[in-house]
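Visitor: Please find the sequence and the predicted model below.
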Amino acid sequence: MGDDIEKTKNEALQVIGQHRDLPRLVVFDLDYTLWPFYCEFGDEDEEPYLYGEASGVLHALKEKGIDVAVASRTPTPEIATAFLRKLGIHSLFLAQEIYPSWNHKTEHFQKIHRKTGVPFTSMLFFDDEDRNIQAVTKMGVTSILVGNGVNLGALRQGLAEFSQKSASSR
Ligand SMILES: [Mg+2]
């Protein structure tokens with residue numbers, strides 16, 4: 001693990017450590033959430049890369065025992081999967097729902113729920129598209145719109161909103 005990733009991971013561990021109510025599962029979109037491009041315009045021979053702080057955030061969650069999953073509507077699942085393998089993060093994800101759909105990821109989340117058994121209210125979701133955020137929020141998932149990919153700021157916001165929601169539902 002590189003120094004930058006290690007540094008981000010340690011900061012992310014601190015952020016996570018500030019909260020008692022934590023999600024059981026954190027779900028990530030791919031394009032413009034974990035990586036800064038649409039993978040449908042790439043090809044499998046390319047070398048993909050993540051947003052600068054994404055890898056540190058993912059590894060911190062895993063280290064704290066919080067599961068991670070992917071929900072992507074890309075029209076090219078084979079490229080997305082090849083990129084996850086090349087990045088060496090493929091095996092981190094407990095569930096990978098990667099396929100196009102007409103709805104805004106409600107089907108993806110039903111399947112993630114069925115596969116993992118985690119209730120929607122125990123999930124946290126990051127995505128760069130407002131229509132996905134709106135649809136998945138209605139299912140009971142704490143959903144965060146990212147403007148510049150997943151980073152420490154998005155993690156801070158996500159965990160704070162998750163805590164508030166958990167406190168208000170008690
Ligand atoms: Mg996206």
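Guide: On my side now, so go ahead. Numbering: from 1, shown residues only.
Visitor: switch to C-alpha atoms for all contacts and neighbour counts from now on
Guide: OK.
Visitor: The protein against the ion: which residues are in contact?
Guide: Proximity of the chain to the ion, by C-alpha under 5 Å from the ion, involves residues 31-32, 128.
Visitor: For the closest residue to Asp67 other than its chain neighbours, give me its contacts.
Guide: For Asp67, ignoring the flanking residues on the chain, the nearest one in space by C-alpha to C-alpha, 6 or more residues apart in numbering is Leu25 at 4.7 Å. Neighbour list for Leu25: 66-69, 118, 122-124 [criterion: C-alpha atoms under 8 Å, 6 or more residues apart in numbering].
Visitor: Widest-spaced pair of those residues?
Guide: Ala69 and Ser122 (13.1 Å; C-alpha to C-alpha).
Visitor: Would you mind giving me the PyMOL syntax to select the buried ones in the contacts of Leu25?
Guide: The following PyMOL line selects those of those that are buried, judged by 16 or more other C-alpha atoms under 10 Å:
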select buried, resi 67+68+69+122+123+124
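Visitor: any chance of the contacts of Leu25 in a markdown table, plus pLDDT?
Guide: Converted to a markdown table, the contacts of Leu25 look like this (pLDDT from 0 to 100):
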| residue | pLDDT |
| --- | --- |
| Ile66 | 98 |
| Asp67 | 98 |
| Val68 | 98 |
| Ala69 | 98 |
| Val118 | 98 |
| Ser122 | 98 |
| Met123 | 98 |
| Leu124 | 98 |
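Visitor: Quick check: of the contacts of Leu25, which lies closest to the ion?
Guide: Using C-alpha to the ion, Ala69 comes nearest to the ion of the contacts of Leu25, at 14.3 Å.
Visitor: need the helices for this protein, in chain order.
Guide: Per DSSP state H, the chain carries helices over the ranges 3-17, 54-63, 77-86, 106-116, 130-138, 152-168.
Visitor: which one of these is the most hemmed in?
Guide: Ranked by mean neighbour count, the helices of the chain are led by helix 54-63 with a mean of 21 (mean count of other C-alpha atoms under 10 Å).
Visitor: Can you tell me what sits against that one?
Guide: Contact with helix 54-63 is made by 5-10, 12-13, 16, 34, 67-68, 92, 149-152, 155, as judged by C-alpha under 8 Å, 6+ apart.
Visitor: Now with 10 Å, please.
Guide: The contact list for helix 54-63, computed with C-alpha atoms under 10 Å, 6 or more residues apart in numbering, reads 1-2, 4-16, 23-26, 28, 33-35, 49, 65-68, 87, 89, 92-93, 149-152, 154-155.
Visitor: Lovely, talk soon.
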